[in-house]
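**Student:** no sequence on hand, only this structure:
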């Protein structure tokens, strides 16, 4: 596959599916266990249609951002250490650090959204830990 846009969309779609499932699982598991309150209100708010809408939003945003970050990956390819899947893993962890950890800590400290920050950081880890190796594999030279 030669087209960088296609590679970025494929990696974004795969990561989006994983991120969506991860978000739903994390919201459910972390909420049921009492680690955090479920996002968007009470447990009663989480009816099947809520999972569907949040999942659809998550999937579409992850595909869009996955494509954007894929284009950055292509332009930064020579600067990232490692080869193939490992190169992608480093890149995925870098995105997680910048996007989820940095934004999550801002959420928690400036807006006092601790529960949302925990879920954002937790779910983002699984999304980008899958995205990175996938994009590294697709872009391997």
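**Tutor:** Received, thanks. Remember, it's a predicted structure, so these values are computed and weren't measured experimentally.
**Student:** quick one: list the elements packing against the lowest-mean-pLDDT helix or strand in the chain.
**Tutor:** None of the helices or strands of the chain scores lower by mean pLDDT, DSSP states H and E than helix 4-33, at a mean of 74. Where contact means 3 or more C-beta pairs under 8 Å, 6 or more residues apart in numbering; DSSP states H and E, helix 4-33 is packed against helix 48-76, helix 114-139. Every residue, glycine included, has its C-beta placed from N, CA and C.
**Student:** same list, these, but as JSON lines with mean pLDDT, mean neighbour count and distance to residue 9 please.
**Tutor:** Formatted as JSON lines, the helices and strands packed on helix 4-33 follow (pLDDT from 0 to 100; neighbours: other C-beta atoms under 10 Å; distance: least, C-beta to C-beta, whole Å):
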{"stretch": "helix 48-76", "mean pLDDT": "82", "mean neighbour count": "16", "distance to residue 9": "5"}
{"stretch": "helix 114-139", "mean pLDDT": "85", "mean neighbour count": "22", "distance to residue 9": "10"}
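**Student:** ok, which of those comes nearest residue 18?
**Tutor:** Across the helices and strands packed on helix 4-33, residue 18 has its closest neighbour in helix 114-139 (4.5 Å, C-beta to C-beta).
**Student:** what packs against that closest one?
**Tutor:** helix 4-33, helix 48-76, helix 84-95, helix 102-110.
**Student:** check the offset of that helix from the chain's centre.
**Tutor:** 4 Å (C-alpha atoms, centre = their mean, to the nearest Å).
**Student:** how about the least confident helix or strand of the chain: buried residues?
**Tutor:** 4, 7-24, 26-27, 30-31 (16 or more other C-beta atoms under 10 Å).
**Student:** swap in stretch 87-96?
**Tutor:** 87-92, 94-96.
**Student:** about what we covered before: got the angle for the least confident helix or strand of the chain vs helix 84-95?
**Tutor:** Counting by axes from the mean of the first three to the mean of the last three C-alpha atoms, to 10 degrees, helix 4-33 lies at 60 degrees to helix 84-95.
**Student:** what residues are up against residue 24?
**Tutor:** 51, 54-55 (C-beta atoms under 8 Å, 6 or more residues apart in numbering).
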